[in-house]
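Undergrad: Sequence plus the predicted model coming up.
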Amino acid sequence: MKKDFKFTIKSTSLDESYQPSNDTRLTTNFANLARGKYRQANLRNALKMIDNRFNALANWDNAKGDRYSVELEIISVDLDIKGSGNTFPSIEILKTIIVDHKTNKRIEGIVGNNFSSYVRDYDFSVLLQNHNKNQPKFSIPDNFGELHGKLFQHFVNSSTYRLNFNKLPVICISVSDNKTYHQTQNQHPILGVEYLPNESSLTEQYFKKMGLQVRYFMPPNSVAPLAFFFFGDLLNDYTNLELISTICTMETFQKIYRPEIYNANAPAGKSYQPNLNNQDHSLTQIVYDREERSQMASQQGKFTEEHLIKPYQTVLEQFSANYV
């Protein structure tokens, strides 16, 4: 059954002229920025923020702070379940490319970074909500995230992934606003100070089913920790420049999307609880529609149910049951 599952990859440059394709999951950070009358200015400003942050972190042999720039590629992964040529847009991730203007070299960065998934929209916006409708106490459905996790691992272990990428993905997201994070003594020169959460979150458990572990670091001159999800050894499997490319990209998106946390005017202390109602923060000059984003997650979850989960239910259940 598994051999019938085929993945195809499309790559699109994320630059100031980027326009989302019809298949793009529109709740994705970059797709939301690339719509409306401010789309070009949004993209230009976000990309400039990424470059500035990269040079601030990669400050050795970089006296003028302009040695590097970062190029971004949107990697769209389509899933063909029966090998028939009918594909479903399964996930979208970002790949970073570092341009060293001193040596005129292009250096491959990290793939992953931003993570978008139609099946995840279905799990959280349809399955989880339906399960808890009219229930007195919130609970998680049996096997929640199992199918999604196995599809993701199947992609990462596929020949398609290995042919296109040299290293395993790293996904970087916001901390949870209903957890408390405690600073540790551990410090990395690029990732910064490590934090530990007081308990596991639903997102952590969901990513664990994808085979990913998590660590929380607050990079130098950041104001809040970021969550880094990875396979293997985050601190030793990736170079400093690779790690910086992820930090500068995802911190920029978080400053735009969650300024209350990532553009706060005071940095996280030894004990830190993120607060989305924090008024003491600055706004970027970038227009972002958060409300639209949450509405679209629900629409996309229903789209997934209609075009993937229901038509291929038996095949997907067999895949999930038999996947090792």
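TA: Sure, I can see it.
Undergrad: list the buried ones in stretch 147-167?
TA: Residues of stretch 147-167 classed as buried under the neighbour-count rule (16 or more other C-beta atoms under 10 Å) are 147-156, 158, 161, 165, 167. The C-beta positions use only the backbone N, C-alpha and C, and glycine is treated the same way.
Undergrad: can you redo these as CSV with pLDDT?
TA: Putting the buried residues of stretch 147-167 into CSV (pLDDT from 0 to 100) gives the following:
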residue, pLDDT
Leu147, 94
His148, 96
Gly149, 96
Lys150, 95
Leu151, 95
Phe152, 95
Gln153, 96
His154, 94
Phe155, 95
Val156, 96
Ser158, 93
Tyr161, 95
Phe165, 96
Lys167, 96
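Undergrad: Identify, from those, the entry nearest to Ile9.
TA: Minimum distance to Ile9 across the buried residues of stretch 147-167 is 8.3 Å, recorded for Tyr161 (C-beta to C-beta).
Undergrad: Who are the contact partners of the closest residue in space to that closest one that isn't next to it in sequence?
TA: In space, not counting the residues next to it along the chain, Tyr161 is nearest to Phe155; the distance is 5.9 Å by C-beta to C-beta, 6 or more residues apart in numbering. Applying C-beta atoms under 8 Å, 6 or more residues apart in numbering to Phe155 gives the contacts 7, 77, 90-91, 161.
Undergrad: okay, these in TSV with distance to Tyr257 next?
TA: Conversion of the contacts of Phe155 to TSV gives the following (distance: C-beta to C-beta, whole Å):
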residue	distance to Tyr257
Phe7	28
Val77	22
Ser90	23
Ile91	19
Tyr161	27
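Undergrad: What helix or strand is the spatially most central residue of the chain located in?
TA: When the chain is reduced to its mean C-alpha position, the closest residue under C-alpha atoms, centre = their mean turns out to be Asn114, at 2.5 Å. Taking DSSP states H and E as the criterion, Asn114 maps to strand 105-117.
Undergrad: so what does whatever helix or strand comes next after that strand touch, helix or strand wise?
TA: Towards the C-terminus, the helix or strand next in line after strand 105-117, according to DSSP H and E, is helix 118-122. Packing partners of helix 118-122 (3 or more C-beta pairs under 8 Å, 6 or more residues apart in numbering; DSSP states H and E): strand 88-100, helix 146-156, helix 290-304.
Undergrad: and the longest one, average pLDDT?
TA: The predicted model gives helix 290-304 an average pLDDT of 77.
Undergrad: and the helices and strands packed on helix 118-122 as a markdown table, adding distance to Asn236?
TA: Compiled in a markdown table, these are given as follows (distance: least, C-beta to C-beta, whole Å):
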| stretch | distance to Asn236 |
| --- | --- |
| strand 88-100 | 19 |
| helix 146-156 | 19 |
| helix 290-304 | 35 |
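Undergrad: which residues are in contact with stretch 134-148?
TA: Contacts made with stretch 134-148 from outside it, assessed by C-beta under 8 Å, 6+ apart, are listed as 117, 119-120, 123, 127-128, 131-132, 202, 205-206, 209-210, 316, 319-320.
Undergrad: now do 6 Å
TA: Judged by C-beta atoms under 6 Å, 6 or more residues apart in numbering, the contacts made with stretch 134-148 from elsewhere in the structure are 119-120, 123, 131-132, 206, 209, 316, 320.
Undergrad: before we move on, what about stretch 100-111?
TA: The contact list for stretch 100-111, computed with C-beta under 6 Å, 6+ apart, reads 67-68, 95-99, 165, 169-170, 242, 245-246.
Undergrad: what's the span of it from first residue to last?
TA: With C-alpha to C-alpha, to the nearest Å as the measure, stretch 100-111 spans 18 Å from end to end.
Undergrad: For Leu72, give its distance to Leu196.
TA: Leu72 sits 31 Å away from Leu196 when distances are taken as C-beta to C-beta, to the nearest Å.
Undergrad: So which of these two has more stuff around it?
TA: Legend: neighbour count by other C-beta atoms under 10 Å for Leu72 and Leu196, higher for Leu72 (23 against 13).
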